[in-house]
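J.: Got a predicted model here, sequence first, then my questions.
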Amino acid sequence: MIGEDPGRSSSAAGSKGGFPPLRRAGRIGLRVLGGVFVLWAAATLTFFGLRLIPGDPAQAILGGPGSQASAEALAAVRAEYGLDQSIWAQYGLYLSRLLGGDLGSSYSLRTPVSEVIGAQIGGTLLLAVLALAVAWAIALGLAVWSTRGGRVAGVVGSGLEIVAAAVPHFWLATVLVLIFSTTLRWLPAVSTQGPEGLVLPVLTLALPLAGFLGQVMRESVLDALDAPFVLSALARGEGESGVRWRHVLRHGALPGIALSGWAFGWLISGAVVVETIFARPGLGRTLLNAVQLRDVPLVIGVVLVVALGYVIMTVLTDAVSRVADPRLAVRERELERVS
Amino acid sequence: MTALIGGKAGRRTRGGSGGSGGSGGRMLGAAQWVAIAFLGVLLVAAVAPWLLAPGDPLAIDPAEAFVAPQWGHPFGTDESGRDIYTRVVHGAAPSLVIGVAATAIGIALALVLGLAAALGGRIVDFGVSRLLEVLFAFPGLLLALLVITVYGPGVVTSTIAVGLATAPGYARIIRAQTRSVASSPYVEAAVVLGRSRTRILGQHILPNAVVPVFVLVTLGVGQAIVWAAALSYLGLGAEPPAAEWGAMLFAGKNYLATAWWLTFFPGLAIVLSAAATTVLGRALQRRGPR
């Protein structure tokens, strides 16, 4: 499987089972349907999960038994969520509201959840996209460099995973602030509006992710270096570094693409810590505040929006992987035949 | 979560390809021995902290507040003059207990889900797989945060939350492992030989499917320590002045600019614990049954 060059086997992918772009569209359509299912199930799970809590659901929505919500506030929540009706009527109400983009209202901020999220999501997306790009750049560079051989490169290569698994954001942020803010005074410790305020938060998010992506990409680069197409490219007279960058790098990037959907969710989750440490406004900090105040509608709203983002990213990366690596479709059909 | 997904790549042995410097061939290199030694010290610190640090981790001494690392206070002191070294040593027990307990919860849940999916037939497999897919849409901390919102912050909730949040990843690995064992030649042979279903299950499938889980546990404890510490750091887990590493970081983060040692050393303990379990877990994974 690995032995094929992705660019060269597209004819094989299309040789049986219809016009390839149509099949591809069908696959992607299936993935979208799967994504819609996941979102529906996530919404349903949170709805019934909330009803499983012993005690008054209105009380739970208003921050638990400790919040001492007023009788009027409780009555308002009961009316808003239709809590006096049957559970199925409540569920129907909840789903129809979700479809209309209504996520309820935050009891701590006293504004609609969708407005709060709309105001905060931009900063977090910027952070996540920049971190993903930086992580990709570092990971690809490391993957290609660390497979050139040599002792140092090997140690760096096998150390990547440890960095990814063992260096938590809160610790990395602390060390980066100590070095670049407290000691060198190059960058602000508290995120400011300007671009220099973004450097440390982005690095904090990107470095562990780069360690993880780099390790996976490295595996894939090593596999590709063993592949016959590398030998044949060398035999055609292409230079060592040309092969490395043109053919092998593409293989290295493939698992990175496939993992970017997962990485996105991971970055948003990391943004909770990073935005808190660097005092950056954003979805993560909003979420943490909501958790601390036990603002259930806001927490569920943010979590569902992140799930939506995760689903969109997974469908997107799946589609991109298919375009970048036509072998996937072949492999899938083979799997179907076997099982 | 990183370690779990990394597990897939890490389990493949690297047979000296492409002139890589990976340590695939050796069983226990220097790194593994260092990891074992560190975990040994950690265990001593957890079981008998007074051997390493005879002082009281909660004893305050306002005259000695914010002392920088020096002889007598190797890691310095905090805002109330508590000795950081003593607190880090005494923090090993709660941090380890939380890590182990969370991993146990996660693995137990995952065993039920993963085995049910792999052995319970098509419909159960479909249901469990879809459930896992849905849970994966709540990445990382988010599932844990959801649990904490509903049940309120604290050590117990955050431990359960970390366990729940890690379960889907384990479940997926256990399901795949069990399925591959169940379709392996020796199980087929046992079926052909007419062995009973329960005997095949108990004698062939379960041992071979479950033993690799212990490797996951090694990797998982380090991850769980990091996650639980992250929750404490966010003020949702153990509370200061408890000598728990995450809580120490939470308490120290306000003094970052003036007294770096308040956060640096507890953080270092977390990083080293997670690194040690990762190194050891990977080594076990490379030599373990495949």
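T.: Sure thing, it's come through.

J.: got a list of what the most centrally placed residue in chain A touches?
T.: Geometric centre of chain A, nearest residue: residue A:264, 1.7 Å, by C-alpha atoms, centre = their mean. Neighbour list for residue A:264: A:128, A:132, A:309, A:310, A:313 [criterion: C-beta atoms under 8 Å, 6 or more residues apart in numbering or on different chains]. Any C-beta I mention is one placed from the backbone N, CA and C, and that applies to glycine too.

J.: filter these down to the ones near chain B?
T.: residue A:310 (C-beta under 8 Å from any C-beta of the partner chain).

J.: I'd like the contacts of residue A:264 as TSV, with secondary structure appended.
T.: Rendered in TSV, the data for the contacts of residue A:264 read as follows (DSSP: H, G, I helix; E, B strand; the rest coil):
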residue	secondary structure
A:128	helix
A:132	helix
A:309	helix
A:310	helix
A:313	helix
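
J.: Can you tell me which of the contacts of residue A:264 is closest to residue A:109?
T.: residue A:309 (21.4 Å; C-beta to C-beta).

J.: isn't that closest one right next to residue A:267, touching?
T.: No - the pair residue A:309 and residue A:267 fails to qualify as a contact (C-beta atoms under 8 Å) at a distance of 10.0 Å.

J.: Which one's more surrounded, these two?
T.: residue A:267 (26 against 21; other C-beta atoms under 10 Å in any protein chain shown).

J.: Helix or strand: which one has the more buried one?
T.: helix A:249-277 (DSSP states H and E).

J.: roughly how far is that helix from the heart of the chain?
T.: 5 Å (C-alpha atoms, centre = their mean, to the nearest Å).

J.: shaky segments in the stretch 1-150 of chain A?
T.: A:1-21, A:24, A:54-55, A:63-67, A:149-150 (pLDDT under 70).

J.: pLDDT of stretch B:110-126, averaged?
T.: Mean pLDDT, computed over stretch B:110-126, is 87.

J.: same check, this time on stretch A:223-240
T.: So the average pLDDT for stretch A:223-240 ends up being 78.

J.: in that stretch, what counts as buried?
T.: Residues of stretch A:223-240 classed as buried by neighbour count (16 or more other C-beta atoms under 10 Å in any protein chain shown): A:223, A:224, A:225, A:227, A:229, A:230, A:233.

J.: Let me know whether the third one touches residue A:248 as I believe.
T.: This means residue A:225. Yes - with contact defined as C-beta under 8 Å, residue A:225 counts as touching residue A:248 (5.9 Å).

J.: picking that back up, can you tell me which of the contacts of residue A:264 is closest to chain B?
T.: residue A:310 (5.0 Å; C-beta to the nearest C-beta).

J.: Let me see the contact set for the residue in the stretch 101-250 of chain B positioned nearest to chain A.
T.: Nearest residue of the stretch 101-250 of chain B to chain A: residue B:139, at 2.8 Å (C-beta to the nearest C-beta). Going by C-beta under 8 Å, 6+ apart, residue B:139 touches A:262, A:265, A:266, A:268, A:269, A:306, A:310, B:1.

J.: Mind picking the two most distant members of those?
T.: Maximum pairwise distance among these (C-beta to C-beta): 14.2 Å, between A:306 and B:1.

J.: Between the two, tell me which one has more neighbours.
T.: Between residue A:306 and residue B:1, counting by other C-beta under 10 Å, residue A:306 is the more crowded of the two (27 against 21).

J.: so what's that one up against?
T.: By C-beta under 8 Å, 6+ apart, the neighbours of residue A:306 are A:265, A:268, A:269, A:283, B:138, B:139, B:142.

J.: what's the overlap in contacts for residue A:309 and residue A:267?
T.: By C-beta under 8 Å, 6+ apart, no residue touches both residue A:309 and residue A:267.

J.: So which residues on the stretch 151-290 of chain B come close to chain A?
T.: B:151-153, B:219, B:222-223, B:226, B:229-230, B:233-236, B:249, B:253, B:256-257, B:260, B:263-264, B:267-268, B:270-272, B:274-275, B:278-279, B:282.

J.: Give me the buried entries from those.
T.: B:151-153, B:219, B:222-223, B:226, B:229-230, B:233-236, B:249, B:253, B:256, B:260, B:263-264, B:267, B:270-272, B:274-275, B:278-279, B:282.

J.: Name the residue of chain A with the shortest distance to chain B.
T.: The minimum distance from chain A to chain B, using C-beta to the nearest C-beta, falls at residue A:154 (1.4 Å).

J.: Could you verify my assumption that that residue touches residue A:148?
T.: No - look at residue A:154 against residue A:148 with C-beta under 8 Å: they stay out of range, at 9.7 Å.

J.: Quick one: the helices in the stretch 101-250 of chain A, in order.
T.: With DSSP state H, counting those that start in this stretch, the ranges of helices along the stretch 101-250 of chain A come out as A:113-146, A:151-166, A:169-176, A:196-225, A:228-235, A:240-243, A:249-277.

J.: how far does the second one sit from the chain's center?
T.: Relative to the chain's own centre, helix A:151-166 is displaced by 23 Å; criterion: C-alpha atoms, centre = their mean.

J.: One more: stretch A:269-282?
T.: 15 Å.

J.: thinking again about what came up before, can you redo the contacts of residue A:306 as JSON lines with distance to residue B:127 and pLDDT?
T.: As requested, those are arranged in JSON lines below (distance: C-beta to C-beta, whole Å; pLDDT from 0 to 100):
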{"residue": "A:265", "distance to residue B:127": "23", "pLDDT": "83"}
{"residue": "A:268", "distance to residue B:127": "27", "pLDDT": "86"}
{"residue": "A:269", "distance to residue B:127": "26", "pLDDT": "84"}
{"residue": "A:283", "distance to residue B:127": "32", "pLDDT": "89"}
{"residue": "B:138", "distance to residue B:127": "18", "pLDDT": "82"}
{"residue": "B:139", "distance to residue B:127": "22", "pLDDT": "77"}
{"residue": "B:142", "distance to residue B:127": "23", "pLDDT": "86"}
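
J.: Now list the buried members of these.
T.: In terms of neighbour count (16+ other C-beta under 10 Å), the buried residues within the contacts of residue A:306 are A:265, A:268, A:269, A:283, B:138, B:139, B:142.

J.: quick one, what contacts the second one?
T.: If you count contacts by C-beta under 8 Å, 6+ apart, residue A:268 has them with A:124, A:128, A:283, A:284, A:306, A:309, A:310, B:139, B:142.

J.: If we use 6 Å, what do you get?
T.: For residue A:268, the contacting residues are residue A:306, by C-beta atoms under 6 Å, 6 or more residues apart in numbering or on different chains.

J.: and what of the first one?
T.: Residue A:265 makes contact with A:310, B:139, according to C-beta under 6 Å, 6+ apart.

J.: hmm, 10 Å instead?
T.: Neighbouring residues of residue A:265 by C-beta atoms under 10 Å, 6 or more residues apart in numbering or on different chains: A:128, A:306-307, A:309-311, A:313-314, B:1, B:136-140, B:142.

J.: Just the ones of the residues you listed in strands?
T.: Assigned to strands by DSSP state E, none of the contacts of residue A:265 qualify.

J.: of those residues, closest to residue B:81?
T.: Nearest member of the contacts of residue A:265 to residue B:81, counting by C-beta to C-beta, is residue B:140, at 36.6 Å.
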